[in-house]
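> Show me the folded form of this:
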Amino acid sequence: MKAYVFPGQGAQFVGMGKDLYDNSPLAKDLFEKANEILGFRITDLMFAGTDEDLKQTKVTQPAIFLHSVILAATLGNKFTPDMVAGHSLGEFSALVASKALSFEDGVRLVSARARAMQKACETEPSTMAAIIGLDDDKVEEICNSIEEIVVPANYNHPGQLVISGSLKGIEIACERLKAAGARRALPLKVGGAFHSPLMEPARLELAEAIRMTKIDVPICPIYQNATASKVTDPAQIKQNLIDQLTAPVLWSQTIKRMIADGADNFVEVGPGNVLQGMIAKIGNVQTSHATSE
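This is a model prediction of the structure:
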């Protein structure tokens, strides 16, 4: 069975999507539609901006989303998913690609999500760190022992768990995790503590927008970050999207569940190939990257 997966924040690069814009009338039309909805030419920043431009959450998230969903659209009849999933932000891309969410509503929601998360980051300085070479149980135990806010945020693959929290909490956690045997405890260059309680203001802000947005039954099951289980019910999809902002991304658990349900061919759709690398560490399955017609 074929599963299509969509990347999240961190996959961006200058020049992303330009080949699609230049070579596909459909892609060009969708990019221009997005420029109009967003109220600024995000294509200028994607195609010829700077790394700093693309690192802004309010730019990064719509840029990755657009690259992913427009690439999926250009696949045409080659896009034949038995199931889909997206890593964090990528969940919105997966919903558009699987016809649960319209392109226009997807652009609006991702833009609203990015703005709300950026605002939460600016209100409460915070960060994330990748913990490499330690069992998930040990990382969870040490996070729970710290009085500051620090929680598991991204279960990327066995041996790599990203934690999220206050600046002090992450500093303390990195010291204790290295002392406990972590091979590396790497602070990440991110705007804030995504997928942690510090994103609660963003969750509340986005919840109403999600509730007001029409979501249809997707053409195939979507496996969502907050539950790592397949969903087709629009009401449940909405609730999981809302919960996603403060809940951990259960990526490793999601891929294992998809494999258990029959997925043996994973196709990454969007910038970069980070997800292929993660999936290869989770299960013995075929992986590839989508290319447009």
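
> residues of the least confident helix or strand in the chain by mean pLDDT that come out buried?
Least confident helix or strand, the chain: helix 51-55 with a mean of 88, by mean pLDDT, DSSP states H and E. Neighbour-count burial for helix 51-55 flags 53-54 (criterion: 16 or more other C-beta atoms under 10 Å). Every C-beta, even on glycine, is put in place using the N, C-alpha and C of the backbone.

> list the helices and strands it packs on?
helix 42-48, helix 57-74 (3 or more C-beta pairs under 8 Å, 6 or more residues apart in numbering; DSSP states H and E).

> For the ones you listed, please prepare TSV with the additional fields mean pLDDT.
Formatted as TSV, those follow (pLDDT from 0 to 100):
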stretch	mean pLDDT
helix 42-48	97
helix 57-74	95
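
> most neighbours per residue, which of the ones you listed?
Most buried of those by mean neighbour count (mean count of other C-beta atoms under 10 Å) is helix 57-74; its value is a mean of 26.

> which helices and strands sit right next to the helix or strand following that one?
Next helix or strand after helix 57-74 toward the C-terminus (DSSP states H and E): strand 83-86. Applying 3+ C-beta pairs under 8 Å, 6+ apart, we find strand 83-86 packed against strand 2-6, helix 90-97, strand 222-223, helix 251-260.

> Please identify the buried residues of the longest helix along the chain?
Identified as the longest helix of the chain according to DSSP state H is helix 103-123. Across helix 103-123, burial judged by 16+ other C-beta under 10 Å covers 103, 105-121.

> Show the average pLDDT along it.
The average pLDDT for helix 103-123 rounds to 94.

> Check which helices and strands it is in contact with.
Applying 3+ C-beta pairs under 8 Å, 6+ apart, we find helix 103-123 packed against helix 25-38, helix 57-74, helix 90-97, helix 200-212.

> Any idea which of these gets closest to Phe266?
helix 90-97 (12.5 Å; C-beta to C-beta).

> and the closest one, what does it pack onto?
Secondary-structure packing of helix 90-97 (3+ C-beta pairs under 8 Å, 6+ apart): strand 2-6, helix 57-74, strand 83-86, helix 103-123, strand 222-223, helix 234-244.

> Kindly reformat the ones you listed as TSV and extend each row with distance to Val285.
Formatted as TSV, those follow (distance: least, C-beta to C-beta, whole Å):
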stretch	distance to Val285
strand 2-6	9
helix 57-74	20
strand 83-86	13
helix 103-123	27
strand 222-223	14
helix 234-244	24
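
> Which of those sits closest to His157?
It's strand 2-6; of the helices and strands packed on helix 90-97, that one is closest to His157 (C-beta to C-beta) at 13.0 Å.

> coming back round to it: okay, the helices and strands packed on helix 51-55 in CSV with distance to Ala209 next?
Putting the helices and strands packed on helix 51-55 into CSV (distance: least, C-beta to C-beta, whole Å) gives the following:
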stretch, distance to Ala209
helix 42-48, 19
helix 57-74, 14
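
> Domain map for this protein?
With domains defined by automatic domain parsing, the chain comprises 2-122+197-289, 125-187.

> So which of the helices and strands packed on helix 90-97 is nearest Val139?
Comparing the helices and strands packed on helix 90-97 by C-beta to C-beta, helix 234-244 comes nearest, at 20.2 Å.

> And that closest one, what does it pack against?
The elements that helix 234-244 packs onto, with contact taken as 3+ C-beta pairs under 8 Å, 6+ apart, are helix 90-97, helix 200-212.

> For the last one, which outside residues touch it?
By that I understand helix 200-212. With contact meaning C-beta atoms under 8 Å, 6 or more residues apart in numbering, helix 200-212 is reached by 108-109, 112-113, 116-117, 119-120, 123, 238, 241-243, 245-246.

> Ala263: which of those residues is nearest?
Leu241 (21.8 Å).

> Glu91 versus that closest one, what's the distance?
Counting by C-beta to C-beta, to the nearest Å, the gap from Leu241 to Glu91 is 7 Å.

> residues shared between the contacts of those two?
Counting by C-beta under 8 Å, 6+ apart, the shared contacts of Leu241 and Glu91 are Gln224.

> In stretch 265-275, which residues are buried?
By neighbour count on 16+ other C-beta under 10 Å, the buried set for stretch 265-275 is 266-272, 274-275.

> Using PDB, list the CA coordinates for it.
Only the C-alpha atoms of stretch 265-275 are listed here, as PDB (Å, rounded to 0.1, in the frame of the first residue of the first chain):
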ATOM      1  CA  ASN A 265       5.800   2.300   0.000                       C
ATOM      2  CA  PHE A 266       6.200   5.900   1.400                       C
ATOM      3  CA  VAL A 267       6.400   8.900  -0.900                       C
ATOM      4  CA  GLU A 268       7.600  12.200   0.500                       C
ATOM      5  CA  VAL A 269       5.900  15.200  -1.000                       C
ATOM      6  CA  GLY A 270       7.500  18.600  -0.400                       C
ATOM      7  CA  PRO A 271      10.900  20.300   0.100                       C
ATOM      8  CA  GLY A 272      13.800  18.100   1.300                       C
ATOM      9  CA  ASN A 273      13.900  14.400   2.200                       C
ATOM     10  CA  VAL A 274      14.000  14.600   6.000                       C
ATOM     11  CA  LEU A 275      11.000  12.300   6.300                       C
END
